Structures are given as structure tokens and as C-alpha cells.
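Asks: give the three-dimensional model of this entry:
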Amino acid sequence: MTIEETYELSDSILDGNMDEIKKEIGDIMLHLVFYTRIASETSHFNMIEVLNGICDKLIHRHPHIYGDVKVDDENDVKRNWEQLKLKEGNKSVLGGVPLSLPALVKASRIQEKARGVGFDWDNKEQVWEKVEEELQEFKAEFNTSDHTAVNKEKAEAEFGDLLFSLINYARFIDINPEDALERTNKKFIKRFQYLEGKASGLGKNLKNMTLAEMEVFWNEAKTR
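Replies: Numbering: from 1, shown residues only. Model (predicted):
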């Protein structure tokens, strides 16, 4: 299964295109069946064992449904989930975050995992204060008069802290930062392609246009 196929499924979900969602799930399912078939031929495991395994795991990690554990809310469920994973042998709560995840998605997962064991802010106002604090630290580092390689490295580190805190705030207000950024990407592409089309209709090349000229078409795209 390729990263590209998972992104294509994500795009289809964001577009709400059920036909494409069906096709992309099929592509991913093909890989799952393929690898399971290889494993069955080498006597490692088969599809029944795979499905029984996930069923057993879900039952074990949901004692509030299949056992007598009492929970008050979703956060209790997540805390129980993480504690059970530690009992199963995980050395760290963050151990279940795949190293290969894109940085933005990984940041979200890290924060969710930490929240699952109670390491979190109390309210969104505290998180926003952290965002503003990180923004000031980034500005202070970036605006140094001596732009050496060391300063650039520090500015990059501060920018990373700022992004991490923004992702954290998005989580507090129930916004998926990956989805939000992808929607902005799609919006920019649509507006930019409108700009390209208008320029082409006038026989102009974008490289030969001024920013003010391009801004006219950009604003037209925004109002459409």
C-alpha cells in the first residue's frame, strides 16, 4: 500500500465523492488482501487470524463496553486505551505514533496520545496564550539583525514550536489541522488556476504581469 493511495482516499473523503471513496478503498483493500495472501502462503497468518486479532484487541481495549469499567466521557475512554496499551508492552505512550507519518499529522497524534494520559492544558485560552508566546519567540528570533546560519536554525526551531502550538489549539477547538490545511490548498489551487485562465484569455504570461494586475483576477476568484 502506497502513501499516495491513502492520500487519494483522503482527498476523496474531503471532496465527499462517494464513488471515488469506493474506488480508493478498493485499491487499499487490494493491498491488504495481497499481503495477507502472501503471509498465508508462508504460514505466518491468514485473513481469519487478522480479523480475529483486531476484534480481540477492540474488545480488550473497550472494557467500558465489554467489561464492568465505568467511564464518564470520551477522555476516560482514551486514557483507558493508552493505559491498556502500556500494559500490553508498549514502553511509551508515544510509541504507537508511526515514525513515517507526515510531520503535521504526527504532531496531532502525539498531542492526542499525551492527552490520553492526562498531559494536557485545561482550556483553549491557555493554549492560545501559548500560541501567542511562541509567535513572539519566533518573531524575536527571525528579526535578529545578524541572519547567520545559526540564527536561521533557531528561527526554524521556533517556527516549529509555533506550528505545534497551533495544531494543539486546533485540537482544542475540534478542527482537524490536516483537513483545514488541505482545504486551503484546494482553495488556493482553484483561485490560482482562475488567475492563469484569465491571464491566458488576455494573451498574457503571468511572469510578465505585475502583482497588482494579478491581484485583480485573484480578487475576482475570491468573489466567485
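Asks: buried sites along stretch 155-172?
Replies: 155, 158-159, 161-172 (16 or more other C-beta atoms under 10 Å). Every residue, glycine included, has its C-beta placed from N, CA and C.
Asks: sorry, slip of the keys, the one I care about is stretch 128-145.
Replies: W128, K130, V131, E134, L135, E137, F138, E141.
Asks: let me know the closest of the buried residues of stretch 155-172 to K57.
Replies: In terms of C-beta to C-beta, no member of the buried residues of stretch 155-172 lies closer to K57 than R171, at 24.7 Å.
Asks: which strand or helix spans the closest one?
Replies: Assigned by DSSP states H and E, R171 belongs to helix 149-172.
Asks: any regions of this protein where pLDDT drops low?
Replies: 1-3, 144-150 (pLDDT under 70).
Asks: so which residues of it form helices?
Replies: Shown for the chain, the helices assigned by DSSP state H span residues 3-15, 18-41, 47-60, 63-66, 74-87, 103-116, 124-142, 149-172, 177-201, 211-223.
Asks: may I see the ones you listed organised as TSV, with distance to V93 added?
Replies: Below are the helices of the chain laid out as TSV (distance: least, C-beta to C-beta, whole Å):
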stretch	distance to V93
helix 3-15	24
helix 18-41	27
helix 47-60	17
helix 63-66	18
helix 74-87	5
helix 103-116	5
helix 124-142	20
helix 149-172	16
helix 177-201	21
helix 211-223	43
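Asks: tell me which of those sits nearest to L94.
Replies: So among the helices of the chain, helix 103-116 is nearest, using C-beta to C-beta, at 5.4 Å.
Asks: in the closest one, what counts as buried?
Replies: Result for helix 103-116 [16+ other C-beta under 10 Å]: buried residues K106, A107, S108, I110, Q111, K113, R115, G116.
Asks: excluding its backbone neighbours, what's nearest the residue nearest the centre of the chain?
Replies: By C-alpha atoms, centre = their mean, the chain has its centre lying nearest to V105, at 2.9 Å. For V105, ignoring the flanking residues on the chain, the nearest one in space by C-beta to C-beta, 6 or more residues apart in numbering is E178 at 5.5 Å.
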